[in-house]
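Visitor: Just the structure for this:
(chains A, B and C)
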Amino acid sequence: MTSDILDSIFESAMKSKIFVNREVLRPDYIPDDLPHREEQIIKLGSILAPALQKSRPSNVFIYGLTGTGKTAVTKYVLKKLLKKASEIGTDVIACYVNTRQDDTTYRVLVRVGECLGLKIPFTGLSTAEVYRRVMRALDSLSIVMIVVLDEIDFLIKKRGDELLYRLTRANEELTRSKISVIGITNDIKLVESLDPRVKSSLGEVEMVFPPYNAVQLEDILWQRAKIAFRSEAIDEGVISLCAALAAREHGDARRALDLLRVAGEIAERENSDKIMIEHVYKARSEIEKDRVFEIVSTLPLHSKLILLSILKLNMEKKTPPTTGEVYALYKEFCKYLKIESVTQRRTSDVISELDMLGIVSARIVSRGRYGKTRIIRLSIPPNVLEGALGEEPRLEFLLKVFRP
DNA sequence: CGTCCACAGGAATGACGGGCGG
DNA sequence: CCGCCCGTCATTCCTGTGGACG
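Guide: Numbering: from 1, shown residues only, chains lettered A, B, ... in the order given. Below you'll find the predicted structure:
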């Protein structure tokens, strides 16, 4: 019976030999203590402190690579600030918006409105009307509002910086309330593309979050592991291996925690009493496999074909191929499938895209008399890529049989 | 020392499909 | 509900370029 099977799954989940509390390893969990971010916490705290005296804190622009604690520090400081504010009876409202999820001006404004207790229909009003309602509500409350726009690059890439401009200038139309904006991004180049007026108002204060090193990552992992796992469930060296692997990948704490969590899940699946070194290595390849599947499956057909061409040429030649060679083989594939091929210009862009996704690495080389081109290598194991490309039915035959 | 290869990659433009806003 | 606008994928045309070869 299905329900019996489910029961036994739930049973065994409850008496896990490994986990006590796996929540604390999830990426959105904010611990009570954030090791090695004291400096940033103090700085952000002192920037926002004026809100307690009903003055407007400076706008802040925060940048740093993924998994460097930007979101965690911001949420942490805001939580403390709000607590303090309610203790002393000052009205401070914070509004956190992730613009990866809410990536239109309208949806961001709806979120801000919600924080003010406004009920705004998710569609039907004009953006200008929502903006007007939000501003009126805000001003009638006579408060300091802090708006956090996380992963702000998504909003800017889709909608430009108009909303940012309006928000940072909103104080001019407010008489009783004040608003300040915290923008968070991991794309440093993005700052350059902003309208200078936005750049100067949003960047009143800038904060940079440096990557964690292996030692710091280890501290972070220990702190969580103590809560997440049974005390005997971690074998020697597991934590430092997770830290070392993640430190190699630009000190990404999220990656480190993912490794540890997945290693724990694998250990549990294998009914092991402990998480061991080998589980961490398995976790690493499982995470990578998932990532590659995720990326490759959403690629358009032509990108897949170009990727297949790169895969074949990397496997069957001693030297990694150039753009021209990849394009030639790709055209063969298209002829075989009786579909039209894209131009070499487009192929060049596709290769850059694959490079940015971290699937291949394309290095520009000049071979003098023999021209300037890119040397394209796979940056993931061929069998993983093979598996991911095999999901696409149209490629199956080419993958198995076709020889260049 | 100039050529010229084999592309890189910018700009302008177009087809197309989906969702926003009126 | 419908038109319009916007993002994505793509093309065409183009200028730029590091260095081995003659």
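Visitor: Just the buried residues of the host helix or strand of A:Ile220, please?
Guide: In this structure, A:Ile220 is located in helix A:214-228 according to DSSP states H and E. Buried residues in helix A:214-228, counting neighbours by 16 or more other Cβ atoms under 10 Å, are found at A:Ala214, A:Gln216, A:Leu217, A:Glu218, A:Ile220, A:Leu221, A:Gln223, A:Arg224, A:Ala225, A:Ala228. C-beta here means a position set from N, CA and C on the backbone, and glycine is covered the same way.
Visitor: Check stretch A:372-387 too.
Guide: The neighbour-count criterion (16+ other Cβ under 10 Å) identifies A:Thr373, A:Arg374, A:Ile376, A:Leu378, A:Ile380, A:Val384, A:Leu385, A:Glu386 as the buried residues of stretch A:372-387.
Visitor: State the pair within those that is farthest apart.
Guide: By the measure Cβ to Cβ, A:Thr373 and A:Val384 form the most distant pair in the buried residues of stretch A:372-387, at 26.2 Å.
Visitor: What is the burial count for A:Tyr330?
Guide: The number of residues packed near A:Tyr330 is 24, by other Cβ atoms under 10 Å.
Visitor: how much space between it and A:Ser348?
Guide: Between A:Tyr330 and A:Ser348 the computed distance is 12 Å (Cβ to Cβ, to the nearest Å).
Visitor: Check A:Ile5 too.
Guide: The span separating A:Ile5 from A:Ser348 equals 52 Å under the rule Cβ to Cβ.
Visitor: These two: which is more packed in?
Guide: A:Ser348 (16 against 9).
Visitor: Please name the residues that touch the residue lying closest to that one once chain neighbours are set aside.
Guide: What sits nearest to A:Ser348 in space, not counting adjacent residues and going by Cβ to Cβ, 6 or more residues apart in numbering, is A:Thr323, at 6.1 Å. By Cβ atoms under 8 Å, 6 or more residues apart in numbering, the residues touching A:Thr323 are A:Gln344, A:Thr347, A:Ser348, A:Ile351, A:Thr373, A:Arg374, A:Ile376.
Visitor: wait, is the fourth one part of a helix?
Guide: It refers to A:Ile351. Yes - remark: A:Ile351 belongs to a helix, assigned using DSSP: H, G, I helix; E, B strand; the rest coil.
Visitor: right, and it touches A:Arg377 too?
Guide: No - between A:Ile351 and A:Arg377 there is no contact, the gap being 11.3 Å when judged by Cβ atoms under 8 Å.
Visitor: Quick one, grab the pLDDT at A:Asp33.
Guide: pLDDT, the model's per-residue confidence, is 88 for A:Asp33.
Visitor: how close does it get to A:Arg224?
Guide: With distances defined as Cβ to Cβ, the gap from A:Asp33 to A:Arg224 amounts to 10 Å.
Visitor: what do you get for A:Arg169?
Guide: Distance, A:Arg169 to A:Arg224, using Cβ to Cβ: 41 Å.
Visitor: go on, A:Ser366?
Guide: Here the distance between A:Ser366 and A:Arg224 works out to 48 Å (Cβ to Cβ).
Visitor: now do A:Val238
Guide: Per Cβ to Cβ, A:Val238 is found 13 Å from A:Arg224.
Visitor: what touches both of those two?
Guide: With Cβ under 8 Å, 6+ apart, A:Val238 and A:Arg224 have common neighbours A:Leu260.
Visitor: my read: A:Glu206 touches A:Asn59, true?
Guide: No - counting by Cβ under 8 Å, A:Glu206 does not reach A:Asn59; the two are 9.9 Å apart.
Visitor: Compare these two (neighbour count), which wins?
Guide: Neighbours per residue, other Cβ under 10 Å: of A:Glu206 and A:Asn59, the larger number sits with A:Asn59, 25 against 14.
Visitor: picking up where we left off before, can you give me how far the helix holding A:Ile220 is from the chain middle?
Guide: Centroid displacement of helix A:214-228 relative to its chain, using Cα atoms, centre = their mean, to the nearest Å, is 20 Å.
Visitor: Buried residues of whichever helix or strand comes after it, list them for me.
Guide: Next along the chain after helix A:214-228, taking DSSP H and E as the criterion, comes helix A:238-248. Of the residues in helix A:238-248, those buried by neighbour count under the rule 16+ other Cβ under 10 Å are A:Val238, A:Ile239, A:Ser240, A:Leu241, A:Cys242, A:Ala243, A:Ala244, A:Leu245, A:Ala246, A:Ala247.
Visitor: list the contacts for the last one?
Guide: Counting by Cβ under 8 Å, 6+ apart, A:Ala247 touches A:Tyr212, A:Asn213, A:Ala214, A:Leu217, A:Ala256.
Visitor: where does it land on pLDDT?
Guide: Confidence at A:Ala247, expressed as pLDDT, is 93.
Visitor: Also the fifth one?
Guide: Per-residue confidence (pLDDT) for A:Cys242: 94.
Visitor: cool, the first one as well?
Guide: pLDDT for A:Val238: 92.
Visitor: Double-check it against A:Glu278; I have them as touching.
Guide: No - checked against Cβ under 8 Å, the pair A:Val238 and A:Glu278 is beyond contact range at 9.8 Å.
Visitor: Do a quick rundown of the helices in the stretch 101-250 of chain A.
Guide: Assigned by DSSP state H, counting those that start in this stretch, the stretch 101-250 of chain A shows helices spanning A:105-115, A:127-141, A:152-159, A:162-169, A:188-192, A:196-202, A:214-228, A:238-248.
Visitor: Fine, thanks again, bye for now.
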